[in-house]
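Participant: here you go, sequence then predicted model.
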Amino acid sequence: IVGVLYMIAAVLTIGALFFIPRALRARGNYRLTLALAITETFLLLGLVLAPSLYIAMPLFILHHALMPLLLFTIDIFTEERIGKKETVTGGRRGMQLALIALGYALAILFAGLLLGSGNPRFALVYLASALCMLVFCWYIHRKFKHFLDPSYHDINAFTALRHFLRTHDFRLVFLAHFLLQLFFAWTVIYIPLYLSTVIELSWDKIGLILFVGLFAYVLLEYPIGKIADRAIGEKEMMAVGFIVLALTTMYIAFLHTSLLLPWMVTMFMTRVGASLVEVTTESYFFKHTKDTDADIISFFRASAPLAYILGALLGSISLIFIPFNYAFLLLGLLMLPGIVFAMLLKDTR
């Protein structure tokens, strides 16, 4: 059921991504970002106050459908700030991803503390999230009120798809990024459920484990981006990232202990691999795009909701036929083609 909720949200996101250039032309990126952020704040408050599951579920779906749209509008701000200095794209993308990761890590840690070790207090988590969104709204208003929008072009799904299929490097980096997003989707949905239902850990311990894992992004993503700009480029680090990601994810299937340290180390190592893949795919892609390429960026960002559809579908089906732990063995095997995609790329250095 949880997988199905994520799938519905992903379908809504994909539909919205192909209409977003029209909204950008009509309202501008600053106003659209602020509108999405305010809507997200009300959705979170609705989840705090929802009196029943039947009201909470559509709010949950809309919340997860909206977040990729906010990331898309932030991409446009970022591309405008980077400008044409593509020699610093990796470092700046790495810094952006590291800051986002720090937010995720702290959110997971504090969410676990708010949920506690007894009956989980989810309303407190959503309330804290809503307060964070208010800070986000203030920051967008303060820093981007006078943002000058570039020209936005309508997205033709078939044109964008044809562009990706015909452009060798775009196609490969999209497939690599899609596999990473599949890993994210699978782990976001199923690792907390696995730790709580099979390993039987309390939510405060789960929060601590995930915090340690996510902290790998904070430590590594900016240095990886700088190395991609100055030293060896993206493809070699991307391939190494997929190797680490595949091996450590498969290891989860054989980790049955309830001790925290082995789980912390394992989660950290999976994120080491994910850090290498995330920064290098983002850096490689955005070195070949501009802030005016809303159609191409939109198609690239559609990889996340597409991965949530496939990840939730495969995960839900796999749980019918195989034990929960073997689902992570399957996920690790699915990461292996990423090594091939990475090595076939034309390097930027």
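Facilitator: Looks like it arrived, so ask away.
Participant: can you pull out the low-pLDDT segments for the stretch 201-349 of the chain?
Facilitator: The model of the stretch 201-349 of the chain has pLDDT under 70 over residues 228-233, 288-295, 298, 347-349.
Participant: how many residues are close by residue 198?
Facilitator: As a burial measure, residue 198 scores 12 neighbours (other Cβ atoms under 10 Å). Quick note: C-beta positions are derived from backbone N, CA and C, even for glycine.
Participant: thought it was touching residue 327?
Facilitator: No: the pair residue 198 / residue 327 is not scored as a contact, 10.5 Å apart, by Cβ atoms under 8 Å.
Participant: give the buried residues for the helix or strand hosting residue 137.
Facilitator: When elements are assigned from DSSP states H and E, residue 137 belongs to helix 122-144. By 16 or more other Cβ atoms under 10 Å, the buried positions in helix 122-144 come out as 124-130, 132-133, 136-137, 140, 144.
Participant: residues in contact with stretch 63-77?
Facilitator: With Cβ atoms under 8 Å, 6 or more residues apart in numbering as the test, stretch 63-77 has contacts from 5-6, 9-10, 12-13, 16-17, 20, 24, 29, 32-33, 36-37, 39-40, 43-44, 47, 144, 147, 150, 291, 294, 297-298, 301, 304-305, 308.
Participant: now these: which count as buried?
Facilitator: 5-6, 9-10, 12-13, 16-17, 20, 24, 29, 32-33, 36-37, 39-40, 43-44, 47, 144, 147, 291, 294, 297-298, 301, 304-305, 308.
Participant: which of those fall in strands?
Facilitator: Taking DSSP state E, every one of those sits outside strands.
Participant: please narrow those to those residing in helices.
Facilitator: Per DSSP state H, helices hold the following members of these: 5-6, 9-10, 12-13, 16-17, 20, 24, 29, 32-33, 36-37, 39-40, 43-44, 47, 144, 294, 297-298, 301, 304-305, 308.
Participant: how close does residue 102 sit to residue 205?
Facilitator: 21 Å (Cβ to Cβ, to the nearest Å).
Participant: what do you get for residue 338?
Facilitator: 31 Å.
Participant: who has more neighbours, the two?
Facilitator: The residue with more neighbours, out of residue 338 and residue 205, is residue 338; 28 against 17, by other Cβ under 10 Å.
Participant: what's near enough to touch the spatially closest residue to residue 145 that is not a sequence neighbour?
Facilitator: Of all residues not flanking residue 145 in the chain, residue 30 sits nearest, at 6.2 Å (Cβ to Cβ, 6 or more residues apart in numbering). Counting by Cβ under 8 Å, 6+ apart, residue 30 touches 140, 144, 145, 147, 149.
Participant: reformat those residues as CSV; add distance to residue 75.
Facilitator: What follows is these, written out as CSV (distance: Cβ to Cβ, whole Å):
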residue, distance to residue 75
140, 14
144, 13
145, 19
147, 13
149, 14
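Participant: tell me the least confident of those?
Facilitator: Least confident of these in the model: residue 149, at 77.
Participant: wait, that one sits on residue 29?
Facilitator: Yes: here residue 149 reaches residue 29: they are 5.6 Å apart, a contact under Cβ under 8 Å.
Participant: which residues touch residue 44?
Facilitator: 63, 126, 127, 129, 130, 133 are the contacts of residue 44 under Cβ under 8 Å, 6+ apart.
Participant: separation between the third one and residue 56?
Facilitator: In other words, residue 127. Taking Cβ to Cβ, one finds residue 127 at 14 Å from residue 56.
Participant: next: the first one.
Facilitator: In this structure, residue 63 and residue 56 are separated by 10 Å, where distance is defined by Cβ to Cβ.
Participant: residues shared between the contacts of those two?
Facilitator: With Cβ under 8 Å, 6+ apart, residue 63 and residue 56 have common neighbours residue 47.
Participant: what about residue 323, helix or strand, and which?
Facilitator: Going by DSSP H and E, residue 323 is not part of any helix or strand.
Participant: quick one, helices of the stretch 51-200 of the chain?
Facilitator: Assigned helices in the stretch 51-200 of the chain, in chain order: 53-82, 89-115, 122-144, 157-166, 168-197 (criterion: DSSP state H, counting those that start in this stretch).
Participant: reformat these as CSV; add distance to residue 277.
Facilitator: Listed next are the helices of the stretch 51-200 of the chain as CSV, based on distance: least, Cβ to Cβ, whole Å:
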stretch, distance to residue 277
helix 53-82, 17
helix 89-115, 11
helix 122-144, 27
helix 157-166, 18
helix 168-197, 5
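Participant: out of the ones you listed, which gets nearest to residue 217?
Facilitator: In terms of Cβ to Cβ, the element of the helices of the stretch 51-200 of the chain nearest to residue 217 is helix 89-115, at 3.1 Å.
Participant: re earlier: how about residues contacting the helix holding residue 137?
Facilitator: 29-30, 33-34, 37-38, 40-41, 44-45, 47-48, 77, 107, 110-111, 114-115.
Participant: what's the answer for stretch 303-310, then?
Facilitator: Contacts for stretch 303-310 (Cβ under 8 Å, 6+ apart): 6-7, 9-11, 13-14, 17, 64-65, 68, 174, 177-178, 181-182, 184-185.
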